[in-house]
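Asker: sequence first, then the predicted structure:
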Amino acid sequence: VLASFQLPAAVAAQCGLPEHDGFTWLDAVQELKKASAGETPVQLWQRVENHPMVQYVPAQCQDCGRHIKDTYPAPEDPDLVEEEPTEEERPFVRSGWFRGPRGPVVFVYRCPDCGQTTRWFRSLHPEVTLNPRRWGRLCGEQEDLKAWLARYLGVRLRVCCPLDWDHVWTEVWDGIAWKPLDPNCLNFARRLHEGIGSWTRVLAIGTPGSGKDAADAGEASEEVTEAYFARAGGSPEELRNWRATVDAARADASGASTQSRTLCGHVLQVARFDDLRITQELRSAQADFDLGRELCELRQS
Ligand SMILES: [Zn+2]
């Protein structure tokens, strides 16, 4: 797949390659590996996050680059129509958000600047989304590509989701421990002081295939609230305050104490799920997911 895309000279240059035509993404990835030789997985992944291969690209005219506005509610645009995919496109088209929720459709844009016609759609497939010639690559496409690249490069990732708080960040397995990519996240517990409400737990969710390594070390999916209390390195008094704030938010059935005004932590509290039980559930969910089990095949219990 990587070798099938010829890079424009300017993109090759952004990847650290000589600025001329003829290189492919495979050359770019080899260059990336070369540059990161001897570095930790965290440093390698930092390079991937900043690499042109996973860059955000707004949906646009693929000839001149005029942007197609992704507004919502979307005003009528006489230059943009939605069509059923062709037989060739169909296996690659997914539903998703563009100018509102959409089924698996193709956006056909007749550019008012250059007169050329562009066909573009949301897709899960690197065969489509790696296209370096102005293919619209929105957040969903970026995340799917990163998960795909992580498996390709043998880097294990997990996503940390605080409950009842609007934020998310990535951790990378460095062979010994999980490390947040953004070191500011080490201090996440201190955000309880910001006065914008509380979170109730932090859950780490493994990305597809990242559940276990060969040595069975560092299972990806788990409850990590205590780990994030510890990481912030608070004084005993700070730690007591953080625990009290989180406990109060878990006990509050109104949702008013949490930043997102939601009740996930409270629901787990009422269900009497402790840290250990939550970890068990997350791990069994990840095992099912990695085996490709569908929701309807899961055991009823
Ligand atoms: Zn154009």
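Answerer: Cool, got the structure.
Asker: switch to C-alpha atoms for all contacts and neighbour counts from now on
Answerer: Will do.
Asker: confirm for me that residue 5 is in contact with residue 129.
Answerer: No. Distance between residue 5 and residue 129: 10.6 Å, which falls outside the contact criterion (C-alpha atoms under 8 Å).
Asker: mind listing what's buried in stretch 187-199?
Answerer: Within stretch 187-199, the residues scored as buried using 16 or more other C-alpha atoms under 10 Å are 187, 188, 189, 190, 192, 197, 198, 199.
Asker: near the ion, which residues of the stretch 51-200 of the chain?
Answerer: Applying C-alpha under 5 Å from the ion, one finds that the stretch 51-200 of the chain approaches the ion through 61, 64, 111, 114.
Asker: who's in contact with stretch 226-235?
Answerer: Residues from elsewhere that reach stretch 226-235 (C-alpha atoms under 8 Å, 6 or more residues apart in numbering): 186, 187, 188, 189, 190, 202, 239, 242.
Asker: then stretch 58-75?
Answerer: Stretch 58-75 has contacts (C-alpha under 8 Å, 6+ apart) with 98-100, 109-111, 113-114, 116-118, 120, 133-138.
Asker: show the average pLDDT along stretch 131-143.
Answerer: Per-residue confidence for stretch 131-143 averages out to 92 on the pLDDT scale.
Asker: give me the distance between the two termini of it.
Answerer: The straight-line separation of the ends of stretch 131-143 (C-alpha to C-alpha, to the nearest Å) is 15 Å.
Asker: residues in contact with that stretch?
Answerer: Applying C-alpha under 8 Å, 6+ apart, the external contacts of stretch 131-143 come out as 5-8, 11, 53-63, 65, 120, 122-124, 129.
Asker: and what of stretch 10-17?
Answerer: Counting by C-alpha under 8 Å, 6+ apart, the neighbours of stretch 10-17 from elsewhere in the structure are 18, 19, 20, 21, 23, 24, 28, 31, 32, 51, 52, 132.
Asker: the fourth one belongs to a helix?
Answerer: No. The assignment for residue 21 by DSSP: H, G, I helix; E, B strand; the rest coil gives coil, which leaves it out of any helix.
Asker: residues in contact with it?
Answerer: Contacts here follow C-alpha under 8 Å, 6+ apart; on that basis residue 21 touches 6, 7, 8, 9, 12.
Asker: for residue 250, same thing?
Answerer: Residues near residue 250 by C-alpha under 8 Å, 6+ apart: 200, 263, 265, 266, 269.
Asker: export whatever helix or strand it lives in to CSV, keeping only CA atoms.
Answerer: Residue 250 belongs to helix 236-251 when elements are defined using DSSP states H and E. Once side chains and other backbone atoms are set aside, the C-alpha atoms of helix 236-251 remain, and they are given as CSV (Å, rounded to 0.1, in the frame of the first residue of the first chain):
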residue,chain,number,x,y,z
PRO,A,236,-0.4,14.1,50.8
GLU,A,237,-2.9,17.0,51.3
GLU,A,238,-3.3,17.6,47.5
LEU,A,239,-3.9,13.8,47.1
ARG,A,240,-6.6,13.9,49.8
ASN,A,241,-8.3,16.8,48.1
TRP,A,242,-8.2,15.1,44.7
ARG,A,243,-9.7,11.9,46.1
ALA,A,244,-12.4,13.9,47.9
THR,A,245,-13.3,15.8,44.7
VAL,A,246,-13.5,12.7,42.6
ASP,A,247,-15.4,10.8,45.3
ALA,A,248,-18.0,13.6,45.6
ALA,A,249,-18.4,13.7,41.8
ARG,A,250,-19.0,9.9,41.7
ALA,A,251,-21.6,10.2,44.4
